[in-house]
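Trainee: no FASTA, just this:
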C-alpha cells in the first residue's frame, strides 16, 4: 500500500475517533456529568424533594420523607391568600393607648374602641378585652359591659350586680374580662367598641399601658 493510501487510512481513523469523542460529549456526558436546571419532573413521588443550593435546582429522593414532614425555612415573609379552617389569619394585641381607652369615671358610654380591617372575607373575628376599673358608692347597683361591632351588633355581654344589704357583694360574673366573636364576610374596617351601661354609681377606668388590653384574633372559617 502506498504511503498516500496509509495517510488516508490514518486520517480516517483519527476522524472516526474524534467523531466518537464528540458524540460522547454531546450525548453521554450531559446525562452523567453535567448539571442542568430542573424544569419538569415526570411521575413525582411523595419521597422526592425539589430543593436548591442557591446555584441549581435538585431533585433528591429520600425514602420515607413525606411532604408534610418537610421543614420549610423562609428568610422572607409569607403572605398566604388561602387558609385552612381554624387557621389563624391575623392577631392584633392592643394596649390602652392603641384603643382609645378612657381614664375617667362614667355611668354609660364607650370605654375603648378600635378599627380593625379584616384580612379575609370568610373569617371569624374573636375579641378579648380586659381593663382595670373601680366601683365606689353603695346600694343595689347593676353594671353591664358589652362588645359592640359598628355601633349596632352586640357580640358579648357581662354583668356585675350588688345587693344593698349585709353580704351583698358581687353576686354574678364581673364585667371584665369579656370575650366574643362574630363571623366576617367583608374586607372593610369594623369598629370594635367596649361599652358600659350602669344602673348605679359611676365606674372609674384607667388607661396606663398596664391597665387595659385588647386582643383581636382573626381565624379562617
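Mentor: Perfect, thanks for sending it. Every value quoted in this text rests on a predicted model; they were computed, and no experiment measured them.
Trainee: which residues of this protein fall in strands?
Mentor: With DSSP state E as the criterion, the chain has strands at 48-52, 57-61, 88-95, 105-106, 108-116, 123-131, 133-135, 141-149, 153-162, 178-184, 190-199, 203-205, 212-220.
Trainee: Buried residues in stretch 175-189, which are they?
Mentor: 175-176, 178, 180-182, 184 (16 or more other CB atoms under 10 Å). Bear in mind the C-beta positions are built from the backbone N, C-alpha and C, glycine included.
Trainee: distance between the ends of that stretch?
Mentor: In terms of CA to CA, to the nearest Å, the two terminal residues of stretch 175-189 are separated by 26 Å.
Trainee: Show residues contacting it.
Mentor: 115-131, 133, 143-147, 149, 153, 155-160, 190, 194, 196, 218, 221 (CB atoms under 8 Å, 6 or more residues apart in numbering).
Trainee: start to end distance for stretch 97-110?
Mentor: One end of stretch 97-110 sits 15 Å from the other (CA to CA).
Trainee: can you list contacts of that stretch?
Mentor: 111-114, 131, 193-198, 200-207, 209, 211-212, 214.
Trainee: rerun that using 6 Å as the cut-off
Mentor: 111-114, 193, 195, 197-198, 202, 204-207, 212, 214 (CB atoms under 6 Å, 6 or more residues apart in numbering).
Trainee: Out of the residues you listed, which end up buried?
Mentor: By neighbour count, with 16+ other CB under 10 Å, the contacts of stretch 97-110 hold 111-114, 193, 195, 198, 202, 205-207, 212, 214 as buried.
Trainee: which one of these sits closest to residue 81?
Mentor: If you rank those by distance to residue 81 using CB to CB, residue 114 comes first, at 24.8 Å.
Trainee: Neighbours of the nearest residue to that closest one once chain neighbours are set aside, how many?
Mentor: Excluding its sequence neighbours, the residue lying closest to residue 114 (CB to CB, 6 or more residues apart in numbering) is residue 99, at 4.3 Å. By other CB atoms under 10 Å, the residues close to residue 99 number 23.
Trainee: what do you get for residue 86?
Mentor: Using other CB under 10 Å: residue 86 sits among 9 other residues.
Trainee: again with the one 3 residues further on
Mentor: For residue 89, the number of neighbouring residues by other CB under 10 Å comes to 18.
Trainee: Tell me what the closest residue in space to it that isn't next to it in sequence is bridged to.
Mentor: Sequence neighbours aside, residue 218 is the residue nearest to residue 89 in space, at 4.4 Å (criterion: CB to CB, 6+ apart). Counting by DSSP bridges, residue 218 is bridged to residue 90, residue 125.
Trainee: what does residue 109 give?
Mentor: residue 196.
Trainee: And the pLDDT at it?
Mentor: If you check residue 109, the pLDDT there is 97.
Trainee: same question, residue 181
Mentor: 98.
Trainee: Would you mind measuring from residue 127 to residue 76?
Mentor: Here the criterion is CB to CB, to the nearest Å. By it, residue 127 lies 31 Å from residue 76.
Trainee: Appreciated, that's everything.
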